[in-house]
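Enquirer: I would like to see how this sequence folds:
(one chain, ligands or ions: 2)
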Amino acid sequence: MRSSPLYLQKLGKCIDHKISVISRGRKGRERQRSKMMMKGEFWSNLGSTMAAIMFAYAMFRQYLPPQLQDYMFRYGKKLSNLFYPYIHVTFDEYTGERMKKSEAFSAIQNYLSDKSSANAKRLKADVVKDSQSLVLSMDYNEEITDEFDGVKLWWSANRSTPKTQQFSFYPAADEKRYYVLKFHKRDREFVTGTYLKHVMKQGKAIAADNRQRKLYSNGGGQGSYGPRNGTTWTHVAFEHPATFDTLAMDEKKKNVIKKDLLKFSKGKDYYAKIGKAWKRGYLLYGPPGTGKSTMVAAMANFLNYDVYDLELTTVKNNVELRRLLIETSNKSIIVIEDIDCSLDLTGQREGKKKKKKDDKSEEGSDPISSMSQNEEKKESEVTLSGLLNFIDGIWSACGGERIIVFTTNHVEKLDPALIRRGRMDKHIEMSYCRFEAFKVLAKNYLDIDSHPLFGEIERLLEETDMTPADVAENLMLKSDDDEEDEACLKCLIEALEAGKEEARKKAEEEEKPKEESEQEQPVEEVVTEDVKSAKEVKENGVIH
Ligand SMILES: Nc1ncnc2c1ncn2[C@@H]1O[C@H](COP(=O)(O)OP(=O)(O)OP(=O)(O)O)[C@@H](O)[C@H]1O
Ligand SMILES: [Mg+2]
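Expert: Numbers count the residues shown, from 1 in each chain. Ligands and ions are numbered 1, 2, ... in the order given. Below is the predicted model of the structure:
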């Protein structure tokens with residue numbers, strides 16, 4: 001059976017397969033051996049080439065005269081530049097005689113921090129000054145590729161330490177840090193004209209986003225060297241959470257303000273074109289608790305600006321006021337709260353003017369009295385004209401964009417000169433809470449958009465004047481209970497009804513004296529008649 005033709009056939013096939021496997025294995029081994037030989041050859045060739053180059057270089061250094069060496073180096077470099085198509089631009093960290101930190105370096109650092117976190121393999125982590133955010137940047141000797149408008153560019157971060165070792169308390173003080181930008185020479189115009197501008201703009205915008213905003217105040221208080229006066233700004237981190245989304249106000253009005261703010265913040269060229277200082281004045285007026293201060297915080301958060309809370313009562317005089325103004329940074333909102341209480345501004349300008357005239361005429365005649373008057377001037381407070389100068393005088397144009405906000409509960413008390421258009425460009429009334437504003441508060445405080453009690457609340461809010469602060473107080477949850485929502489709304493309804501009742505009683509009480517006076521009118525007339533006749537007697541000596 002074993003010697004059957006079928007068995008022989010199978011055996012033949014098996015032998016054939018084995019032979020092919022053996023031959024394939026041999027071929028593979030041969031191929032591998034030849035590859036290894038080629039590699040060995042390559043390395044031995046490279047080694048000998050390097051040795052030859054080193055030898056030639058040593059000969060060159062030893063036997064050629066130094067001038068000839070310099071000459072050859074210079075021309076060698078020129079020759080290599082001819083074939084090397086890339087341009088390198090270096091951006092040092094410090095520039096100028098006074099070793100000022102370069103703005104370009106900082107902008108590039110910010111610009112690259114975004115790219116580095118996505119592309120670089122070795123990164124450095126750092127905390128931005130005065131900020132809580134962690135920023136990643138590429139490590140030294142790392143290179144990343146950037147692409148802009150289809151053009152490829154390479155950035156590398158470098159540092160160099162001087163070869164001569166100097167004694168220094170700060171080991172890294174002598175270290176020079178710089179960025180190098182590499183690009184093809186055909187893109188020279190694009191890089192210098194467009195790309196670098198884009199990098200600077202982006203870098204500055206990132207810096208503005210990352211910076212910790214500050215709330216400055218000039219109020220007195222205890223400094224490290226004794227009591228502080230109002231002439232210096234001190235600051236804390238600005239962390240007010242108010243935004244336009246949480247501000248209870250008519251939606252349309254809110255949008256108009258937001259639009260206006262945006263237009264202002266982007267209006268650098270426009271203001272330059274029309275020849276006006278880049279600033280805008282807002283007057284916020286309305287009863288206490290209607291959200292004036294909250295609006296200022298929302299504005300600052302919306303524009304990412306710093307806030308300067310200017311306390312006029314602690315500013316001694318106009319000179320100090322000017323100094324404080326000059327010290328404010330751009331991208332800031334300068335607020336004077338309760339302007340009507342800060343100064344006696346009503347008609348003060350006229351009074352002061354007269355006083356100044358009198359002072360001038362008396363000056364020179366009596367040195368002692370003029371000295372005492374000078375003393376008095378030192379004590380004198382900020383005048384309306386000083387404040388007007390602060391708003392739109394020649395000094396107001398120093399620095400960049402600024403918003404000036406006045407808040408007041410009594411707009412009618414202010415001198416019209418102070419709030420005329422052009423000074424206070426936008427007058428915003430912060431009024432009592434109506435249904436639109438209530439809906440925002442209900443969303444903020446209770447996280448509800450609708451409720452069966454909303455209808456009643458809407459009706460009551462139309463009839464009763466209640467400030468958003470009071471409405472908010474009623475919506476404050478006392479516990480996490482879901483039923484608490486309804487309890488809050490009912491509480492608000494009760495408060496509104498009580499307010500309505502109170503208003504009705506007040507109106508009645510106001511009506512009473514009027515009615516009484518109307519009833520007493522004839523008597524009054526008689527009295528006035530009597531007074532008239534008495535006057536006539538006095539003036540003319542006539543008795544009727
Ligand atoms: N329009 C509003 N939107 C949201 N919250 C408001 C609003 N108005 C008032 N509030 C709330 O009431 C509190 C007081 O408001 P705010 O201090 O802004 O009032 P104000 O108008 O500045 O009052 P005052 O005239 O007394 O300075 C705020 O903390 C805020 O929670
Ligand atoms: Mg306020």
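
Enquirer: Return the residues in contact with the closest residue to ligand 2 within the chain.
Expert: Scanning the chain for the residue nearest ligand 2 gives S293, at 3.3 Å (criterion: Cβ to the ion). In this view, the C-beta of every residue, glycine as well, is placed from N, C-alpha and C. Contact analysis of S293 by Cβ atoms under 8 Å, 6 or more residues apart in numbering lists 337, 407.

Enquirer: Could you pull up the mean pLDDT of the helix or strand hosting it?
Expert: Per DSSP states H and E, S293 falls inside helix 292-303. What helix 292-303 shows for mean pLDDT is 95.

Enquirer: Check the burial of E508 by counting its neighbours.
Expert: For E508, the count of nearby residues is 9 (other Cβ atoms under 10 Å).

Enquirer: Angles on the backbone of it, please.
Expert: Dihedral angles of E508 (phi, psi; degrees, to the nearest 10) stand at phi -60, psi -40.

Enquirer: what about it, distance to E501?
Expert: Going from E508 to E501 by Cβ to Cβ, to the nearest Å gives 11 Å.

Enquirer: With P288 instead?
Expert: With distances taken as Cβ to Cβ, P288 is found 21 Å from E501.

Enquirer: Spell out which parts of this structure neighbour ligand 2.
Expert: Contact residues, the chain versus ligand 2 (Cβ under 5 Å from the ion): 292-293.

Enquirer: Look at the closest residue to ligand 1 within the chain and say how many residues are nearby.
Expert: Ligand 1 sits closest to G291 of the chain, with a gap of 2.7 Å, by Cβ to the nearest ligand atom. By the criterion of other Cβ under 10 Å, G291 has 24 neighbours.

Enquirer: again with L64
Expert: Residues near L64, counting by other Cβ under 10 Å: 12.

Enquirer: which residues sit in contact with it?
Expert: Residues in contact with L64, defined by Cβ under 8 Å, 6+ apart, are M72.

Enquirer: Please apply the same query to P241.
Expert: Taking Cβ under 8 Å, 6+ apart, we find P241 in contact with 297, 301.

Enquirer: Per-residue pLDDT of it, please?
Expert: Looking at P241, its pLDDT is 94.

Enquirer: tell me the contacts of F60?
Expert: Going by Cβ under 8 Å, 6+ apart, F60 touches 69, 72.

Enquirer: Check for me that it belongs to a helix.
Expert: Yes - F60: assigned to a helix according to DSSP: H, G, I helix; E, B strand; the rest coil.

Enquirer: Show the pLDDT at it.
Expert: Here, the pLDDT recorded for F60 equals 74.

Enquirer: Thought D470 was touching the residue of the chain closest to ligand 1, still the case?
Expert: No - between G291 and D470 there is no contact under Cβ atoms under 8 Å: 11.6 Å.

Enquirer: burial count for D485?
Expert: Counted by other Cβ under 10 Å, the residues lying close to D485 total 18.

Enquirer: now the helix or strand harbouring it: mean pLDDT?
Expert: Element membership of D485 [criterion: DSSP H and E] is helix 484-540. Across helix 484-540, pLDDT averages out at 70.

Enquirer: Repeat that for stretch 150-161.
Expert: The average pLDDT for stretch 150-161 rounds to 90.

Enquirer: buried sites along that stretch?
Expert: By neighbour count, with 16 or more other Cβ atoms under 10 Å as the criterion, the buried positions of stretch 150-161 are 153, 155-157.

Enquirer: Write out the residues of the stretch 1-150 of the chain neighbouring ligand 1.
Expert: Taking Cβ under 6 Å from any ligand atom, no part of the stretch 1-150 of the chain reaches ligand 1.

Enquirer: Oops, could you answer that again for the stretch 401-544 of the chain instead?
Expert: Taking Cβ under 6 Å from any ligand atom, the part of the stretch 401-544 of the chain that reaches ligand 1 is made up of 409, 430, 468-469, 472.

Enquirer: Redo those as a markdown table? Include secondary structure and pLDDT.
Expert: Shown next, in a markdown table, are these (DSSP: H, G, I helix; E, B strand; the rest coil; pLDDT from 0 to 100):
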| residue | secondary structure | pLDDT |
| --- | --- | --- |
| N409 | coil | 93 |
| M430 | coil | 95 |
| P468 | helix | 95 |
| A469 | helix | 95 |
| A472 | helix | 93 |
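
Enquirer: Most widely separated two among these?
Expert: N409 and A472 (18.3 Å; Cβ to Cβ).

Enquirer: Can you verify S156 is assigned to a strand?
Expert: Yes - the assignment for S156 by three-state DSSP puts it in a strand.

Enquirer: isn't it right next to Y179, touching?
Expert: Yes - S156 is within contact range of Y179, at 7.0 Å (criterion: Cβ under 8 Å).

Enquirer: Mutual contacts of those two, please.
Expert: Common neighbours of S156 and Y179, using Cβ under 8 Å, 6+ apart, do not exist here.

Enquirer: re the thing from before, out of the residues of the stretch 401-544 of the chain next to ligand 1, which one sits closest to F183?
Expert: Nearest to F183, judged by Cβ to Cβ, of these is M430 at 54.0 Å.

Enquirer: need the contact list for that closest one.
Expert: Residues near M430 by Cβ under 8 Å, 6+ apart: 249, 284-287, 290-292, 295.

Enquirer: So which of those residues is the closest to R211?
Expert: Nearest to R211 out of the contacts of M430 is M295 (Cβ to Cβ; 22.7 Å).

Enquirer: Hmm, that closest one is touching E429, no?
Expert: No - the pair M295 and E429 does not pass the contact test of Cβ under 8 Å, sitting 11.1 Å apart.

Enquirer: which of those two has more neighbours?
Expert: Between M295 and E429, counted using other Cβ under 10 Å, the more crowded position is M295 (23 against 11).

Enquirer: which residues sit in contact with the more buried one?
Expert: For M295, the contact set (Cβ under 8 Å, 6+ apart) comprises 242, 247, 249, 284, 428, 430.

Enquirer: out of the residues you listed, which are inside helices?
Expert: Counting by DSSP state H, these place none of their members in helices.

Enquirer: Report the two of these separated the most.
Expert: A242 and I428 (15.2 Å).

Enquirer: one step back: right, and the helix or strand after the helix holding S293?
Expert: The C-terminal neighbour of helix 292-303 among helices and strands, as given by DSSP H and E, is strand 306-309.

Enquirer: what packs against the next helix or strand after that following strand?
Expert: Remark: after strand 306-309, the chain's next helix or strand is helix 318-327, criterion DSSP H and E. If you count contacts as 3 or more Cβ pairs under 8 Å, 6 or more residues apart in numbering; DSSP states H and E, helix 318-327 packs onto helix 384-392.

Enquirer: Let me see the mean pLDDT of the helix it packs on.
Expert: For helix 384-392, mean pLDDT rounds to 80.

Enquirer: Pull out the CA atoms of that helix and give them to me as CSV.
Expert: Taking C-alpha atoms only, helix 384-392 is exported to CSV below (Å, rounded to 0.1, in the frame of the first residue of the first chain):
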residue,chain,number,x,y,z
LEU,A,384,-15.2,120.7,38.9
SER,A,385,-12.9,122.3,36.4
GLY,A,386,-10.2,120.0,37.6
LEU,A,387,-12.5,117.1,37.1
LEU,A,388,-13.5,118.3,33.6
ASN,A,389,-9.8,118.5,32.7
PHE,A,390,-9.4,115.0,33.9
ILE,A,391,-12.2,113.8,31.6
ASP,A,392,-11.4,115.6,28.4
